[in-house]
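Asks: the amino acid sequence is not available; the structure is as follows:
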Ligand SMILES: Cc1cc2nc3c(=O)[nH]c(=O)nc-3n(C[C@H](O)[C@H](O)[C@H](O)COP(=O)(O)OP(=O)(O)OC[C@H]3O[C@@H](n4cnc5c(N)ncnc54)[C@H](O)[C@@H]3O)c2cc1C
Ligand SMILES: Nc1ncnc2c1ncn2[C@@H]1O[C@H](COP(=O)(O)O)[C@@H](O)[C@H]1O
């Protein structure tokens, strides 16, 4: 089976989010970048499936040169090769166009992504690629088993889940508990250095909805503490001051 | 011309978040002069229930009664909504963010050649450039987004608008959709959904428990509080990882993002990944025995104390007051 996993290069979940002075760019000072946590679930499941069925696992990122360490990490975790589409990801549509092109070229049986990126949280790229390639797309997928051509999935819905069946090829946006995050081992890290990382060019420059500037939410006031022996006071505050009861 | 709203229903009722989407579309149409608000509903749901969508601002509801659409088959729903959009010659589609809504909206963005903005938090600016404010970095920031396409899709976040309902009724018109076998290429074989409970992503009040509660057998007092308040229950990630609570209750960066008016966190430390899922709440109450727990920094009100002592007392006080 040929599997493609699309990964984002995003600030660590503990990062302090800040923007440069004119509020037009993310401030990367002191920020550690990681594989998006949902993409990491997708990658972990893809490694398991590749090991189970054989074949080849490719990871792809639309990003500039600084994302290569993140792609190398994906290779260390177990991907066989990496593709970097050399451009700043301008918006979801732009990213989806690039992925759709290279996914078609590669003829993958299964395309896994994260349920959403944790920078822009769109949760849109998988569906867009699905429509562009006329392939079914599912998200958020919390279980995915492949049996020949048949794929059995569980998709999370509000307050529960639905069980689904579809045939390959398809696209899934993944979330836990689809697999456990994998940590690269020494052998993985060594072999990642020599695995192919191909840089390719963008195929379309079209965008539809680009961010133009950023804002931070207003700072939170300090907490009002209520004594543990006076819980009635808390109820009163919630009712009369916060007006949320 | 009209603004189209994709509305969802479950257990025979139109979702509150979908009514918010209708109210949002109504306010938008008043701003842009895009005409009436028309909703589209798919699958089996009563005429009375759909007519009541008028109370949020829709003048008409297109109802595709095809029972194959009862299940949320993503491609089929996308095809049906695209047909409604073309029939109404709309330029704008509004919908509420949800598990199905997100998946459908992404496909529609391509079908309709429409710029899609998700996590929209307020009405766009439409004088000159079309600028939409959306929440990013899991609620830690906002981005102003310029939409350059003629067609637009806005997926709105909970609380993007104040919902006020009146008694107006919408006319319900049946709407024949053309669906092919390929729209139903995937099959939903079964659905497991909590019934009768308040659903977490849509809840107005959420009561959440963390590892501080020691074990699943101690959730009775959390459920009691939820019952008294008409709230949904949530939990931290480790709690669902160890199986104390179902996965769909897990709140945070990698779980459900909630935006209630009141979030009560009990025995949760307040790790940054948990906070990422709750920072859109209007008011946060924290109960934790450790005064240094980071959650207190994000809270509006707090009690430093043992949950096993405080929560039963608080439940009594709430019962007395409500
Ligand atoms: C990439 C990534 C993503 C993550 N995503 C999420 C996410 O989406 N959601 C999430 O929740 N976590 C997430 N986490 C995990 C997160 O970092 C924390 O580990 C987790 O939130 C801690 O859960 P907790 O507060 O329940 O447990 P703990 O950190 O163990 O805290 C328990 C708290 O209970 C208090 N306590 C103990 N006994 C009592 C008592 N008797 N009465 C009152 N208080 C008591 C303690 O003082 C403590 O503050 C993520 C982590 C990573 C790395
Ligand atoms: N720049 C990118 N490069 C590769 N994959 C991406 C990129 N942006 C988004 N994706 C994939 O699409 C998923 C959904 O992203 P989003 O729609 O931005 O929330 C992510 O989890 C990734 O799997």
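Replies: All right, it came through fine. Everything quoted here is computed from the prediction, not taken from an experiment. Ligands and ions are numbered 1, 2, ... in the order given.
Asks: now do the spatially closest residue to residue A:13 that is not a sequence neighbour against ligand 1, distance only.
Replies: Spatially, and ignoring its direct neighbours in sequence, residue A:13 is nearest to residue B:273 (4.9 Å; C-beta to C-beta, 6 or more residues apart in numbering or on different chains). For the C-beta atoms, the positions are set from N, CA and C on the backbone; glycine is no exception. Going from residue B:273 to ligand 1 by C-beta to the nearest ligand atom, to the nearest Å gives 3 Å.
Asks: host element of residue B:273?
Replies: Applying DSSP states H and E as the criterion places residue B:273 in helix B:272-275.
Asks: quick check: buried residues in that helix?
Replies: For helix B:272-275, a neighbour-count test (16 or more other C-beta atoms under 10 Å in any protein chain shown) marks B:272, B:273, B:274, B:275 as buried.
Asks: can you pull the contacts of residue 238?
Replies: Chain wasn't specified; assuming chain A. A:244, A:245, B:262, B:283, B:285, B:301 (C-beta atoms under 8 Å, 6 or more residues apart in numbering or on different chains).
Asks: that's the wrong chain, I wanted chain B
Replies: Counted by C-beta under 8 Å, 6+ apart, residue B:238 has contacts B:210, B:211.
Asks: and residue B:52, how close does it get to residue A:235?
Replies: Counting by C-beta to C-beta, to the nearest Å, the gap from residue B:52 to residue A:235 is 34 Å.
Asks: same deal with residue A:150?
Replies: Applying C-beta to C-beta, the value for residue A:150 to residue A:235 is 54 Å.
Asks: of these two, who's got more company?
Replies: residue A:235 (20 against 11; other C-beta atoms under 10 Å in any protein chain shown).
Asks: phi and psi next, for the residue of chain B found nearest ligand 2.
Replies: For chain B, the residue positioned closest to ligand 2 under C-beta to the nearest ligand atom is residue B:106, at a distance of 7.4 Å. Phi and psi for residue B:106, reported as degrees, to the nearest 10, are phi -60, psi -40.
Asks: list the contacts of the nearest residue to it once chain neighbours are set aside.
Replies: Spatial nearest neighbour of residue B:106, excluding adjacent residues (C-beta to C-beta, 6+ apart): residue A:127 at 2.5 Å. By C-beta under 8 Å, 6+ apart, residue A:127 lies in contact with A:137, A:139, A:173, B:74, B:102, B:103, B:104, B:105, B:106, B:107, B:109.
Asks: export those residues as JSON lines, with columns for distance to ligand 1.
Replies: Shown next, in JSON lines, are these (distance: C-beta to the nearest ligand atom, whole Å):
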{"residue": "A:137", "distance to ligand 1": "23"}
{"residue": "A:139", "distance to ligand 1": "17"}
{"residue": "A:173", "distance to ligand 1": "16"}
{"residue": "B:74", "distance to ligand 1": "24"}
{"residue": "B:102", "distance to ligand 1": "18"}
{"residue": "B:103", "distance to ligand 1": "20"}
{"residue": "B:104", "distance to ligand 1": "24"}
{"residue": "B:105", "distance to ligand 1": "23"}
{"residue": "B:106", "distance to ligand 1": "22"}
{"residue": "B:107", "distance to ligand 1": "27"}
{"residue": "B:109", "distance to ligand 1": "27"}
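Asks: so residue A:199: helix, strand or coil?
Replies: What DSSP: H, G, I helix; E, B strand; the rest coil gives for residue A:199 is strand.
Asks: name the element residue B:26 belongs to?
Replies: Using DSSP H and E, residue B:26 maps to helix B:16-32.
Asks: which residues touch residue B:58?
Replies: When contacts are counted by C-beta under 8 Å, 6+ apart, residue B:58 touches B:5, B:22, B:25, B:26, B:36, B:37, B:38, B:39, B:170.
Asks: can you do 7 Å?
Replies: Contacts for residue B:58 (C-beta atoms under 7 Å, 6 or more residues apart in numbering or on different chains) come out as B:5, B:22, B:37, B:38, B:39, B:170.
Asks: from chain A, which residue is nearest to chain B?
Replies: Closest residue of chain A to chain B, C-beta to the nearest C-beta: residue A:127 (2.5 Å).
Asks: the helix or strand where that residue lies vs ligand 2: in contact?
Replies: For residue A:127, the element it lies in under DSSP H and E is helix A:125-133. Yes: using C-beta under 6 Å from any ligand atom, we find that helix A:125-133 touches ligand 2 at A:125, A:126.
Asks: so what's the residue count around residue 22?
Replies: The chain I'm using is chain A. For residue A:22, the count of nearby residues is 8 (other C-beta under 10 Å).
Asks: wrong chain, I was asking about chain B
Replies: By other C-beta under 10 Å, the burial measure for residue B:22, its neighbour count, is 30.
Asks: thought residue B:40 was touching it, still the case?
Replies: No: Residue B:22 lies out of contact with residue B:40 (C-beta atoms under 7 Å); the separation is 11.0 Å.
Asks: which residues are common contacts for the two?
Replies: Here residue B:22 and residue B:40 share the contacting residues residue B:7, scored by C-beta under 7 Å, 6+ apart.
Asks: isn't residue A:140 right next to residue A:177, touching?
Replies: No: Residue A:140 lies out of contact with residue A:177 (C-beta under 7 Å); the separation is 11.5 Å.
Asks: of these two, who's got more company?
Replies: Each of residue A:140 and residue A:177 has its neighbours counted (other C-beta under 10 Å); residue A:140 has more, 25 against 14.
Asks: hmm, residue B:119 and residue B:135 touching each other?
Replies: Yes: between residue B:135 and residue B:119 there is a contact at 4.4 Å, judged by C-beta under 7 Å.
Asks: who's more crowded, the two?
Replies: residue B:119 (28 against 23).
Asks: next up, the contacts around the more buried one.
Replies: Counting by C-beta under 7 Å, 6+ apart, residue B:119 makes contact with A:121, B:97, B:134, B:135, B:157.
Asks: go again with 8 Å.
Replies: A:121, A:122, B:97, B:134, B:135, B:136, B:155, B:157.
Asks: for chain A, longest strand please?
Replies: Counting residues, the longest strand in chain A under DSSP state E turns out to be strand A:137-147.
Asks: show me what the top helix by length along chain A is in contact with.
Replies: Using DSSP state H to define each element, chain A has its longest helix at helix A:37-53. For helix A:37-53, the external contacting residues (C-beta under 8 Å, 6+ apart) are A:1, A:3, A:5-8, A:13, A:34-35, A:56-57, A:59, A:74, A:77-80, A:110, A:112-118, A:144, A:146, A:172-176, A:178-182, B:253-254.
Asks: ditto for stretch B:177-191
Replies: Residues from elsewhere that reach stretch B:177-191 (C-beta under 8 Å, 6+ apart): A:136, A:138, A:157, A:160-167, A:170, B:42, B:64, B:66, B:68-69, B:71-76, B:79-80, B:83-84.
Asks: distance between the ends of it?
Replies: 24 Å (C-alpha to C-alpha, to the nearest Å).
Asks: same question for stretch A:80-91.
Replies: Chord length of stretch A:80-91, first to last residue, is 28 Å (C-alpha to C-alpha).
Asks: one step back: how about the helix holding residue B:26: buried residues?
Replies: Buried residues in helix B:16-32, counted by 16+ other C-beta under 10 Å: B:16-29, B:32.
Asks: contact residues of chain A facing ligand 1?
Replies: Listed as neighbours of ligand 1 in chain A under the rule C-beta under 6 Å from any ligand atom: A:13, A:37.
Asks: got a list of what whatever residue of chain A ends up closest to ligand 2 touches?
Replies: Going by C-beta to the nearest ligand atom, ligand 2 is nearest to residue A:114 of chain A, at 2.5 Å. Contact analysis of residue A:114 by C-beta under 8 Å, 6+ apart lists A:6-8, A:36-42, A:173-175.
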